[in-house]
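Enquirer: sequence and computational prediction follow.
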Amino acid sequence: MRELGIGFVAYSPFSRGLLSGELSGAELAPDDMRRGLPRFSEDNLGFNQSLVARLGELAAEVGCSPAQFALAWLVAQGVVPIPGAQRRAHMAENASAGAVTLTPEILRQVDEIAPPGAFAGKRFPEHLLAMVQED
């Protein structure tokens, strides 16, 4: 995309709340749609939350929330995030992520903790992925 000069807008930049650092599996209501997503399954959620906890430690070092850290990381990659917010406080928190600067060392540490493919489980179940994948 960079080579072609095409921008990228990230949908669900907090991975349905996972990267906010505020989610526990026990908080998901029985009818919460995330229960049907592989990353939130019993088999995967604990592992994924351990990665989020480690990223949260880096966020604390930088002096920001995990959500702000996630947004700042996306911006550092040249991505435009479009975060959702159900609360006014979250909207203000998201907006202030623009003031967060991640050093090359912090970015390197993120790559060590959560390289591409590190999170367990796909973003969507196979039957939904099959609708958008070409043969």
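Expert: Great, that's in hand.

Enquirer: what residues does whatever helix or strand Ala60 lives in touch?
Expert: Per DSSP states H and E: Ala60 is located in helix 42-62. Outside helix 42-62, the residues within contact range by C-beta atoms under 8 Å, 6 or more residues apart in numbering are 18-19, 21, 23-25, 38-39, 65-66, 68-70, 72, 100, 102, 106, 109-110, 113-114, 118-121. Just so you know, the C-beta spots here come from the backbone N, C-alpha and C atoms, and that holds for glycine as well.

Enquirer: what about Met91, how many residues nearby?
Expert: Counted by other C-beta atoms under 10 Å, the residues lying close to Met91 total 13.

Enquirer: so it is in which element?
Expert: helix 88-95.

Enquirer: who does that helix touch, helix- and strand-wise?
Expert: Identification of packing neighbours for helix 88-95 by 3 or more C-beta pairs under 8 Å, 6 or more residues apart in numbering; DSSP states H and E yields helix 66-76.

Enquirer: what sits up against the helix it packs on?
Expert: Residues outside helix 66-76 that contact it (C-beta under 8 Å, 6+ apart) are 10, 13-14, 19-22, 52, 55-56, 58-59, 62, 64, 80-81, 83, 90, 93-94, 96-98, 100-102, 107, 110.

Enquirer: buried subset of these?
Expert: In the contacts of helix 66-76, burial by neighbour count holds for 10, 13-14, 19-21, 52, 55-56, 58-59, 64, 81, 83, 90, 93-94, 97, 100, 102, 110, counting by 16 or more other C-beta atoms under 10 Å.

Enquirer: and Phe14, how close does it get to Glu3?
Expert: The spacing between Phe14 and Glu3, counted by C-beta to C-beta, to the nearest Å, is 28 Å.
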